[in-house]
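In: got a predicted structure here, sequence first:
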Amino acid sequence: MKRVMIVGQPGAGKSTLARALARRTGLPVVHTDCIHWQPGWVERDRDEKIALMRTEENRESWIIEGGLSATWDTRLARADTLIVLDLPVWLRLWRVLRRRLEYAGGQTRPDLPPDCPERLDPAFLRWIWDTRHSNRRRARAMIDAAGDRRVVLLESPRAVRRFLRDLDSGGLPGQ
């Protein structure tokens, strides 16, 4: 496991899983939100985001977590492992709300650029709800396109814990 692609919808635990994998493997983590956003919640230009992601994808080893679906095809082509987090929408919404409370007071999460305090608005919650089916279909299509890559589909917090426990015991699920 040298290049790991983690995808999932908001609140699925992509960043948390990426950090846990990095601790276990020593692989560097790339948070897509740090490519998407600049300090102060300033969105980068699309071409700049893609160029930055291409640079990261071309490195020898990585864990890349997150969206920027315009680069999914090239990222998947370089990955040796695809992890799809497909957790229930009610749990993801709860986690997003909890995260907002955890980082209240203008704090920035560790997976965001500086000066990007946690925020939550009704439009984001609505987007999570409205895209729950289409995003699931896209993730499942990616699994179908994974070819000979190791694919790990995690559909519950218990499955995530089991995956990490198996990794800790020297096994790699899917081998």
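Out: Structure's in. What do you need? Numbers count the residues shown, from 1 in each chain.
In: count the residues that sit near Gly40.
Out: Using other Cβ atoms under 10 Å, the number of residues around Gly40 comes to 10. Every C-beta, even on glycine, is put in place using the N, C-alpha and C of the backbone.
In: can you name the residues that contact it?
Out: Applying Cβ atoms under 8 Å, 6 or more residues apart in numbering to Gly40 gives the contacts 115-116.
In: check whether it sits in a helix, strand or coil.
Out: Reducing the assignment to helix, strand or coil with DSSP: H, G, I helix; E, B strand; the rest coil, the entry for Gly40 is coil.
In: list phi and psi for it.
Out: Gly40 has phi and psi values of phi 80, psi 20 when expressed as degrees, to the nearest 10.
In: against Gln9, how distant is the residue lying closest to Val89 once chain neighbours are set aside?
Out: Leaving out its chain neighbours, the residue that sits closest to Val89 by Cβ to Cβ, 6 or more residues apart in numbering is Arg132, at 4.6 Å. Taking Cβ to Cβ, to the nearest Å as the criterion, Arg132 is separated from Gln9 by 7 Å.
In: returning to that earlier point: which pLDDT does the model give the residue nearest to Val89?
Out: Per-residue confidence at Arg132 stands at 88 (pLDDT).
In: now do Arg136
Out: Here the pLDDT value assigned to Arg136 is 87.
In: so which helix or strand takes in Asp166?
Out: Take DSSP states H and E as the rule and Asp166 turns out to sit in helix 157-168.
In: would you indicate which residues of that helix are buried?
Out: Across helix 157-168, burial judged by 16 or more other Cβ atoms under 10 Å covers 159-160, 163-164, 167.
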